[in-house]
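Colleague: what follows is a predicted protein model with its sequence.
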Amino acid sequence: MSPDIAWEEPYCGAGNNCYRIGIDAAGNSYIAVAGAEDSPLTDSVEALRQLIRDIKAGKADHLLDQS
């Protein structure tokens, strides 16, 4: 049985795949490509909080510099 995941609207870039982020009542977080929500990356809500904090702090900016 799959958990009841509250998915956010997709985050999309022009011409790219869209990512969806969600959480469930048990304290789990989920990240998936839109349309593939049946096979998400799963971790704790605290791990999602830290990921968002780190991204906002610029710790993943180097990934965007790939040309």
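Modeller: Nice, thanks for sending it over. Residues are numbered from 1 along each chain as shown.

Colleague: and residue 19, how far from residue 53?
Modeller: 17 Å (Cβ to Cβ, to the nearest Å). For every residue, glycine as well, the C-beta is placed using N, CA and C.

Colleague: more neighbours, those two?
Modeller: residue 19 (15 against 10; other Cβ atoms under 10 Å).

Colleague: can you tell me the closest non-neighbouring residue to the more buried one?
Modeller: Distance criterion Cβ to Cβ, 6 or more residues apart in numbering; nearest residue to residue 19, sequence neighbours excluded, is residue 11 at 5.0 Å.

Colleague: so residue 47 touches residue 29, yeah?
Modeller: Yes: taking contacts as Cβ atoms under 8 Å, residue 47 lies within contact range of residue 29: 6.4 Å.

Colleague: who has more neighbours out of those two?
Modeller: With neighbours defined as other Cβ under 10 Å, residue 47 and residue 29 compare such that residue 29 has more, 21 against 13.

Colleague: part of a strand, is the more buried one?
Modeller: Yes: assignment of residue 29 by DSSP: H, G, I helix; E, B strand; the rest coil places it within a strand.
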